[in-house]
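In: Predicted model follows, preceded by the sequence.
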Amino acid sequence: MKVAVAGSVGRDHLMTFPGRFTDSLVAGSLANVSLSFLVDGLDIYRGGCAANISFGMGALGLAPILVAAVGKDWADYNEWLSKHGVITDHCRVSKDLYTATFIVTTDDELNQIASFFPGAMSEARELDIAEIQKQTGPIDLLIVSPDDPEAMIRHSQTAVALGIPLAADPSQQLARMDGNDIRKLVHGATYLFLNEYELALILQKTGMSDQELFDEVKVRVVTLGSKGARVEEHGKPTISVGVPNEKAKIDPTGVGDSFRSGFLAGLSWGLSHERCAQLGSMVATFCLETKGTQEYFFDKELFLQRFSECYGAAASAEIADFINPRMLR
């Protein structure tokens, strides 16, 4: 199965605040917030939604096609993703701009305050899925993750027009986009990925009911944080999947992207939606236990052992032949 992943590539600046953001919020004064948080540390890692998703798929042994606009500082990042199995031949490299930058501060309760500067990502609208498919051959699934808004709409509509199954993942761009644009992103999608808050935000911005939104897509995958995920498919019972026990909650940045990595890997292998969600939850757990969105590490034995502990020996045996980690350092 040939999966293309469209979206952002960035550099993550991760900071930690030793306290709770909510302790600094004053009731009745939220219309005039002016806050500064003294943080304990700063770490800079590779990130970006499409890159994170692609890395996770590559780590499991797949070869996703990355569709992204990247900066003139791309060389080392390109080498990293390539050696982890990601096909980067179809990225647009900016002549003038640097790769996008994501800055996030996380408090003791894993709440986050973040900002994102697009940089080269603003050139993503110049990428053409139709032209890329001519070069790669038929694309079996295109996931459109957070990116330049115009690019997201263009990619989504092109996929639907060409009959390429679409996985819509608007997540972080929902705050910026209006209801009409959000409708364009989800219309005709085979899969829609979002978390509980994003689901509520889509309904609020589009004015659609929950059922109307569900009717726009074939399958809706809703992540629920520590409660796992649910998969809703028309005409079938809702699937609910829990999460493995984490060894530590280090950093939630990129956990949603990692979930998508595992889920898409399962789809690539032709597994059931239940197994896909379980795979996603397992990869997300490894990410949660590590600082940095592409720094987690596992071998086949460890992955299957932990998968079996959570989902049972039969489930682990079902995925065993597919797991072929490509975790290089």
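Out: Yes, it's here. Numbers count the residues shown, from 1 in each chain.

In: switch to C-alpha atoms for all contacts and neighbour counts from now on
Out: Noted.

In: Count the neighbours of Leu81 for me.
Out: Per other C-alpha atoms under 10 Å, the neighbour tally for Leu81 reads 21.

In: ok, it to Lys95 distance?
Out: 20 Å (C-alpha to C-alpha, to the nearest Å).

In: for Met177, same thing?
Out: As for Met177, its distance to Lys95 is 28 Å (criterion: C-alpha to C-alpha).

In: Give me the more crowded residue out of those two.
Out: Met177 (16 against 11).

In: pLDDT score for the closest residue to the more buried one other than its chain neighbours?
Out: Excluding the flanking residues, the one nearest Met177 by C-alpha to C-alpha, 6 or more residues apart in numbering is Pro149, at 7.4 Å. Pro149 carries a pLDDT value of 94.

In: Read off the pLDDT value for the nearest residue to Gln133 once chain neighbours are set aside.
Out: Counting by C-alpha to C-alpha, 6+ apart, Ile139 is the residue found nearest to Gln133 once chain neighbours are left out, at 6.3 Å. Listed pLDDT for Ile139 reads 98.

In: start to end distance for stretch 12-29?
Out: End-to-end distance (C-alpha to C-alpha), stretch 12-29: 31 Å.

In: circling back: is it true that the residue nearest to Gln133 touches Lys2?
Out: Yes: Ile139 is within contact range of Lys2, at 5.3 Å (criterion: C-alpha atoms under 8 Å).

In: The two: who's more crowded?
Out: Each of Ile139 and Lys2 has its neighbours counted (other C-alpha under 10 Å); Ile139 has more, 21 against 15.

In: mind listing the helices in the stretch 201-329 of the chain by residue range?
Out: Using DSSP state H, counting those that start in this stretch, the helices of the stretch 201-329 of the chain run over 210-215, 255-268, 273-288, 300-311, 313-319.

In: Turn those helices into a markdown table, columns for mean pLDDT and distance to Asn52.
Out: Shown next, in a markdown table, are the helices of the stretch 201-329 of the chain (pLDDT from 0 to 100; distance: least, C-alpha to C-alpha, whole Å):
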| stretch | mean pLDDT | distance to Asn52 |
| --- | --- | --- |
| helix 210-215 | 97 | 26 |
| helix 255-268 | 97 | 6 |
| helix 273-288 | 97 | 10 |
| helix 300-311 | 96 | 19 |
| helix 313-319 | 97 | 22 |
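
In: out of those helices, nearest to Ile87?
Out: Ile87 sits nearest to helix 255-268 of all the helices of the stretch 201-329 of the chain, at 14.9 Å, using C-alpha to C-alpha.

In: elements contacting the closest one?
Out: Contact here means 3 or more C-alpha pairs under 8 Å, 6 or more residues apart in numbering; DSSP states H and E; on that basis helix 255-268 packs against helix 49-59, helix 273-288.

In: Pull the distance from it to the chain's centre.
Out: In terms of C-alpha atoms, centre = their mean, to the nearest Å, the centre of helix 255-268 is found 8 Å from the chain centre.

In: Likewise for stretch 7-18?
Out: Between the centre of stretch 7-18 and the centre of its chain there are 14 Å (C-alpha atoms, centre = their mean).

In: go on, stretch 126-140?
Out: 21 Å.

In: Show the end-to-end separation of it, please.
Out: This stretch, stretch 126-140, spans 22 Å end to end (C-alpha to C-alpha).

In: picking that back up, would you turn the helices of the stretch 201-329 of the chain into TSV with distance to Thr238 and mean neighbour count?
Out: Below are the helices of the stretch 201-329 of the chain laid out as TSV (distance: least, C-alpha to C-alpha, whole Å; neighbours: other C-alpha atoms under 10 Å):
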stretch	distance to Thr238	mean neighbour count
helix 210-215	13	14
helix 255-268	16	26
helix 273-288	10	26
helix 300-311	17	16
helix 313-319	18	14
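
In: of those helices, which approaches Gln112 most closely?
Out: Proximity to Gln112 (C-alpha to C-alpha) singles out helix 255-268 among those, at 12.9 Å.

In: okay, the closest one in PDB with CA atoms only?
Out: This file holds the C-alpha atoms of helix 255-268, laid out as PDB (Å, rounded to 0.1, in the frame of the first residue of the first chain):
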ATOM      1  CA  VAL A 255       1.800  11.800  20.500                       C
ATOM      2  CA  GLY A 256      -1.200  12.300  18.200                       C
ATOM      3  CA  ASP A 257       1.100  12.200  15.100                       C
ATOM      4  CA  SER A 258       2.600   8.900  16.500                       C
ATOM      5  CA  PHE A 259      -0.800   7.500  16.900                       C
ATOM      6  CA  ARG A 260      -1.500   8.200  13.200                       C
ATOM      7  CA  SER A 261       1.800   6.500  12.300                       C
ATOM      8  CA  GLY A 262       0.700   3.200  13.900                       C
ATOM      9  CA  PHE A 263      -2.900   3.500  12.600                       C
ATOM     10  CA  LEU A 264      -1.700   4.100   9.000                       C
ATOM     11  CA  ALA A 265       0.900   1.300   9.300                       C
ATOM     12  CA  GLY A 266      -2.000  -1.100  10.200                       C
ATOM     13  CA  LEU A 267      -4.000   0.100   7.200                       C
ATOM     14  CA  SER A 268      -1.000  -0.500   5.000                       C
END
